[in-house]
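Asker: Based on what follows, work out the 3D shape:
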Amino acid sequence: MEDLPVYLDNNATTPLHPDVIAEIQESLHRDWSNPSSSYGRGAKVRHEILSARRSLSLMVGGPVGEDALNQAITFTSGGTESNHLAIHSALEAIKKRTGGKPHVVTTNVEHVAIEKPLRALEADNVIGAPSSGRCLT
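Answerer: Okay, here's the model as predicted:
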């Protein structure tokens, strides 16, 4: 009997189910056109993306209208990009709502995908540190 590898980092990534792999492969062969184009193949791909957004939105109780979906569901290349987008979006919303510089509190065990953009924003004076010390220590 062959020993199967033991993978204990499912927090970082998880193996895909074979059906998901098959669907992705089929889509890569079928749906390779530019979804922003005006010709037929592009429109078909745009429809597929909208359908995926609608399915995801229904799963989480979000909007289903096309305009709302395009604003509510954003696809990214992975976790780090998603983290950066969430950080920047949240800070923009806070700045718009309060007119002030946001304060961010984190810990010394924060994941690097969160810590690095926060340090960069602090260095760029986008987020503030309280007068008693640094936010990111």
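
Asker: excluding its backbone neighbours, what's nearest the spatially most central residue of the chain?
Answerer: The geometric centre of the chain, computed from its C-alpha atoms, lies nearest to S82 (Cα atoms, centre = their mean), at 2.6 Å. The shortest distance from S82 to any residue other than its chain neighbours is 4.7 Å, reached at T76 (Cβ to Cβ, 6 or more residues apart in numbering). Backbone N, C-alpha and C define where each C-beta goes, glycine included.

Asker: After the lowest-mean-pLDDT helix or strand in the chain, which helix or strand is next?
Answerer: Across the helices and strands of the chain, the lowest-confidence element by mean pLDDT, DSSP states H and E is helix 66-72, at a mean of 79. Using DSSP states H and E, the helix or strand that follows helix 66-72 in sequence is helix 79-98.

Asker: what's in contact with that next one?
Answerer: Contacting residues not belonging to helix 79-98 are listed as 12, 74, 76, 101-102, 104, 111, 113-114, 117-118, 121, 126-127 [Cβ atoms under 8 Å, 6 or more residues apart in numbering].

Asker: Restrict the residues you listed to the buried ones and give me that as a ChimeraX selection.
Answerer: Selecting the buried subset of the contacts of helix 79-98 in ChimeraX, with 16 or more other Cβ atoms under 10 Å as the burial test, is done by:
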select :102,104,114,117,118,121,126,127
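
Asker: could I get the contacts of helix 79-98 as a markdown table with distance to I21, pLDDT and secondary structure?
Answerer: Rendered in a markdown table, the data for the contacts of helix 79-98 read as follows (distance: Cβ to Cβ, whole Å; pLDDT from 0 to 100; DSSP: H, G, I helix; E, B strand; the rest coil):
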| residue | distance to I21 | pLDDT | secondary structure |
| --- | --- | --- | --- |
| A12 | 18 | 72 | coil |
| T74 | 24 | 88 | coil |
| T76 | 20 | 92 | coil |
| K101 | 45 | 84 | coil |
| P102 | 41 | 86 | coil |
| V104 | 38 | 85 | coil |
| H111 | 27 | 88 | coil |
| A113 | 25 | 92 | helix |
| I114 | 30 | 92 | helix |
| P117 | 31 | 92 | helix |
| L118 | 35 | 91 | helix |
| L121 | 37 | 88 | helix |
| V126 | 40 | 74 | coil |
| I127 | 40 | 74 | coil |
